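coords please:
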Amino acid sequence: MPSKKWTQETCREAAQNFSKLKDFRESCSGAYSAAKENNWIKDYTWLSIGKNAGYWNYEHCLEEAKKYKTKVEFEKGSPGAYFRSRKEGWIRNYTWFENGRLIESEKRRKWNYDSCYELAKSCKMKSEMNKKNNAAYIAALKNNWIKDYTWFLSDEEIKHRKRPSTIKWPYEKCREIALTCNTLKEFREKSSESAYTIARKNGWLDEFDWLERSENPFTDKMDNVYAYIFENLNSVYVGRTINPKNRDLEHRKSGKSPVFRFASKNNIEIPKMIILETELTLLDGLKQEDYYKNKYKQEGWNILNVAKTGVRSGSLGKLKRKWTKDECYKEAKKYSTLKDFRKKSSTAYNVSLKNGWNKEYTWLTTKTPSGYWNYDHCFDEAKKYKTRKQFWVGNNSAYDSALKHGWLDDYTWFDPPKCVSLSYDDCYKLAKKYTKLSDFTKNCGGAYNKAREKGWIADYVWLEKTDISQKPVLQYSLSGIFLKRYNGVREACRKNSFSTNSGISECCTGKLRFHKGYIWCYEGNENTINERIKTFIFKYDNKYSLIEVIPKKTSNIMKYLDTGKLSPDGYYYFHGPHNFEENE
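Model (predicted):
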């Protein structure tokens, strides 16, 4: 969260330290955002935006390249000129780069035994040497010099080293603090969760048996309802928590918090957390959170809460049910098969599996024995379903057995497939409605599949069979500029070195908007091009020149899309081509 409120004077003072708009944005983002939002940035005329389009011609690139000795320095110092030179092939004319490369390679240090040994003396572990100088570490590793560094800690010593947190909070110190508390909750709050966390991780909490544990967290009064009130902006956030200190830190540091995002957006400080009610049960906490939220809403406050509140809508956070051995046993008693236990009570199943308790659940059958699915069992199982598909999905084993032995025909209550009832005359009448085979296929898929399976389709001589590969295809850019005409899909695929025809075909039929950075359509369907272009995002610079056409939306530009406002990177974004003269 910004700690400083940027005024017009302070923003101007900060901007005067830079000569480029890019440096101002990257080095002082808070001042840049405030200046851009209040439209003060137009007064900073000394800030250069960048090179104009077409600036990097051969002469300018040549002059820029002479400032550097190597290609690496050229790329870092002036990436625009470097990539332009590389694209046009001018970089071959910069012959002095070769000498620079030789000079750089001569400066590289060669790591021998003595130099690696000296570096290793200043380290305690292999990882520390690797971080200091990766080249020296690799040289020592390749030449097997690392075995001479006997002072390095072994892998077992590193594994058993005490963590800093354990050193800071040893067993005796955690026990001293725990002795001053009566409950586990008091121990957690009194030690600010540091000693409590170490004791929990090391398994010491079981030894602190004098600490009272909560048997049912749903009846204990440990919940709190709080609020963050932004009086100047008439906004409020209402929440509930078991640990107010930790929740306050989350709201002040986490970018996911609505409180943090609202304060950052408006460049203000987060107010103090106000505890509205305390010592509530979880159920009462959910009710009171919803009550205060609706109360502020009725009074005309802007509510910052994103998630729903209330008894059946609110979240209980990280509170989880603890499955004991007895509870898992009772839960498993509700089921007869292991499959049902795993599906309907996955948490209890996983806990039982982890602790080995599932071995005691002898009544849970794992799978049907060999030869179980005979005629009678399959018949009884099939009665539960209406169709063959439902039978196959519901019990695959019984279905496979019935299919293998030919018992499926005996299940007369099953609904017949749609295409089974179609006769030769039915398919013939349906095919007579169309003149093209593609229309028949598209509109009467069942009849077409039946006719094709039985070989009746050869009798439909009036159906025109069109070869898609011979239908002319037109190629357009994403901005709608016509590029080329091809005699068919295959020719377009071959000349553009595409591996398959499916992408162009799907684009021509309207299933895809574009393919391989181009718009494709059949000749005669040019009217669909404008509709597709409107789905693309056109990117303009501050001089209203088209920079790029973006086929897919990204989250960082959604805020500025079709708003007519410049984004932080200095561009406009619109759906389809935009006429700036109309806005003016």
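
which of the three states applies to I275?
What DSSP: H, G, I helix; E, B strand; the rest coil gives for I275 is strand.

need the pLDDT of the residue nearest to it when sequence neighbours are not counted.
Computed as CB to CB, 6 or more residues apart in numbering, the closest residue to I275 that is not its neighbour in sequence is Y226, at 5.3 Å. Heads up, the C-betas are built off the backbone N, CA and C, glycines and all. pLDDT for Y226: 93.

and for L474?
For L474, the model assigns a pLDDT of 92.

my guess is it contacts G524, does it?
No. L474 lies out of contact with G524 (CB atoms under 8 Å); the separation is 9.2 Å.

neighbour-wise, which of these two wins?
Using other CB atoms under 10 Å as the criterion, L474 and G524 rank with L474 on top: 20 against 9.

where in the stretch 401-550 of the chain is pLDDT low?
415-421, 465-470 (pLDDT under 70).

helix, strand or coil for the residue nearest to I275?
strand.

got a list of what it touches?
V238, G239, R240, T241, P244, R247, M273, I274, I275, L276 (CB atoms under 8 Å, 6 or more residues apart in numbering).

now with 10 Å, please.
237-241, 244, 247-248, 251, 273-278, 289, 292 (CB atoms under 10 Å, 6 or more residues apart in numbering).

from those, list just the buried residues.
237-241, 244, 247-248, 251, 273, 276-277, 289, 292 (16 or more other CB atoms under 10 Å).

in JSON lines: these, plus pLDDT, secondary structure and distance to K36.
Shown next, in JSON lines, are the buried ones among the contacts of Y226 (pLDDT from 0 to 100; DSSP: H, G, I helix; E, B strand; the rest coil; distance: CB to CB, whole Å):
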{"residue": "Y237", "pLDDT": "93", "secondary structure": "strand", "distance to K36": "26"}
{"residue": "V238", "pLDDT": "93", "secondary structure": "strand", "distance to K36": "32"}
{"residue": "G239", "pLDDT": "92", "secondary structure": "strand", "distance to K36": "32"}
{"residue": "R240", "pLDDT": "89", "secondary structure": "strand", "distance to K36": "37"}
{"residue": "T241", "pLDDT": "89", "secondary structure": "strand", "distance to K36": "36"}
{"residue": "P244", "pLDDT": "87", "secondary structure": "helix", "distance to K36": "36"}
{"residue": "R247", "pLDDT": "88", "secondary structure": "helix", "distance to K36": "33"}
{"residue": "D248", "pLDDT": "90", "secondary structure": "helix", "distance to K36": "31"}
{"residue": "H251", "pLDDT": "89", "secondary structure": "helix", "distance to K36": "26"}
{"residue": "M273", "pLDDT": "92", "secondary structure": "coil", "distance to K36": "31"}
{"residue": "L276", "pLDDT": "91", "secondary structure": "strand", "distance to K36": "37"}
{"residue": "E277", "pLDDT": "90", "secondary structure": "strand", "distance to K36": "42"}
{"residue": "E289", "pLDDT": "89", "secondary structure": "helix", "distance to K36": "37"}
{"residue": "Y292", "pLDDT": "91", "secondary structure": "helix", "distance to K36": "36"}
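
for those residues, give me JSON lines that also has distance to A65.
Formatted as JSON lines, those follow (distance: CB to CB, whole Å):
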{"residue": "Y237", "distance to A65": "55"}
{"residue": "V238", "distance to A65": "61"}
{"residue": "G239", "distance to A65": "58"}
{"residue": "R240", "distance to A65": "63"}
{"residue": "T241", "distance to A65": "60"}
{"residue": "P244", "distance to A65": "61"}
{"residue": "R247", "distance to A65": "57"}
{"residue": "D248", "distance to A65": "55"}
{"residue": "H251", "distance to A65": "52"}
{"residue": "M273", "distance to A65": "58"}
{"residue": "L276", "distance to A65": "66"}
{"residue": "E277", "distance to A65": "70"}
{"residue": "E289", "distance to A65": "64"}
{"residue": "Y292", "distance to A65": "66"}
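
closest to P568 among the residues you listed?
The closest of the buried ones among the contacts of Y226 to P568 turns out to be H251 (CB to CB; 25.2 Å).

what separation is there between the closest one and I270?
Using CB to CB, to the nearest Å, H251 is found at 7 Å from I270.

go on, T7?
Distance from T7 to I270, by CB to CB: 20 Å.

same question, L478
Taken as CB to CB, the span from L478 to I270 is 44 Å.

repeat for G30
15 Å.

got phi/psi on K539?
phi -110, psi 120 (degrees, to the nearest 10).

which residues does it contact?
545-550, 557, 567, 569, 571-574.

returning to that earlier point: shared neighbours, H251 and I270?
Common contacts of H251 and I270, defined by CB under 10 Å, 6+ apart, comprise M1, Y228, Y237, S257, V259, F260, A263.

nearest to F208, of those?
S257 (33.6 Å).

just checking, the closest one touches I270?
Yes. With contact defined as CB atoms under 10 Å, S257 reaches I270; the gap is 9.1 Å.

please say which of the two ends up with more neighbours.
Neighbours were counted for S257 and for I270 using other CB under 10 Å; S257 has more, 21 against 18.

next up, phi/psi of that one, please.
phi -70, psi 130.

quick one: it from N443, how far?
When S257 is compared with N443 (using CB to CB), they lie 54 Å apart.

same question for E526.
In terms of CB to CB, E526 sits 25 Å off from N443.

how many neighbouring residues does R532 have?
By other CB under 10 Å, neighbour count at R532 equals 21.

in which helix or strand does it reside?
R532 is part of helix 529-533, with elements assigned from DSSP states H and E.

quick check: mean pLDDT of stretch 14-32?
pLDDT averaged over stretch 14-32 gives 80.

related to what we said a few turns ago, looking at the contacts of K539, which one is closest to E37?
For those, the nearest to E37 is S567 (12.4 Å; CB to CB).

would you check that the closest one makes contact with K36?
Yes. S567 is within contact range of K36, at 9.5 Å (criterion: CB under 10 Å).

about what we covered before: and the residue nearest to I275, bridged to which residues?
G239, I275 (DSSP bridges).

which parts of the chain are strands?
Along the chain, the segments classed as strands by DSSP state E run 223-230, 235-241, 274-280, 302-303, 473-476, 482-486, 519-522, 537-540, 546-550, 572-575.

so the second one versus strand 274-280, what angle?
Relative orientation of strand 235-241 with respect to strand 274-280: 20 degrees, computed using axes from the mean of the first three to the mean of the last three CA atoms, to 10 degrees.

K433: neighbour count?
By other CB under 10 Å, 10 other residues sit near K433.

correct me if wrong: it contacts Y460.
No. Under the criterion of CB under 10 Å, K433 makes no contact with Y460, lying 11.1 Å away.

centre of the chain to stretch 72-90, how far?
In terms of CA atoms, centre = their mean, to the nearest Å, the centre of stretch 72-90 is set 34 Å apart from its chain centre.

okay, buried residues for that stretch please.
For stretch 72-90, by 16+ other CB under 10 Å, it's E73, F74, S78, A81, Y82, R84, S85, W90.
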